[in-house]
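**Q** Give me coordinates for this.
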Amino acid sequence: MTVAVVLLAIALVLVVALFAAAAAGKLARMDGATYPAALTRAATAFVAVITLATGVTAAIATFLA
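**A** You can find the predicted model right below:
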């Protein structure tokens with residue numbers, strides 16, 4: 001049961017990160033950025049969401065342990 005919850009949480013974080021990256025890339029293109037610049041902004045947004053999720057997980061883990 002615990003493994004299933006962890007895998008579901010990982011999948012949810014990845015989906016949210018992909019949506020954030022797609023939105024950032026689309027907004028960058030709508031703003032007139034070139035494709036490489038839009039891809040860079042999308043990658044930055046993806047990494048930011050993953051980093052934020054890691055930080056929140058580490059913070060919560062300190063209270064649970």
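**Q** What segments of the chain are helices?
**A** 2-30, 35-64 (DSSP state H).
**Q** For the shortest one, buried residues please.
**A** For helix 2-30, burial by neighbour count (16 or more other CB atoms under 10 Å) applies to 13, 17, 20-21, 24-25, 28-29. C-beta: built from backbone N, CA, C; applies to glycine.
**Q** swap in the last one?
**A** Of the residues in helix 35-64, those with enough neighbours to count as buried (16+ other CB under 10 Å) are 38-39, 41-42, 45-46, 49-50, 53.
**Q** And the average pLDDT for that helix is what?
**A** Mean pLDDT, computed over helix 35-64, is 96.
**Q** Tell me which other helices or strands that helix touches.
**A** Applying 3 or more CB pairs under 8 Å, 6 or more residues apart in numbering; DSSP states H and E, one finds that helix 35-64 contacts helix 2-30.
**Q** Figure out how far the helix it packs on is from the centre of its chain.
**A** Offset of helix 2-30 from its chain centre (CA atoms, centre = their mean, to the nearest Å): 5 Å.
**Q** elements contacting that helix?
**A** Secondary-structure packing of helix 2-30 (3+ CB pairs under 8 Å, 6+ apart): helix 35-64.
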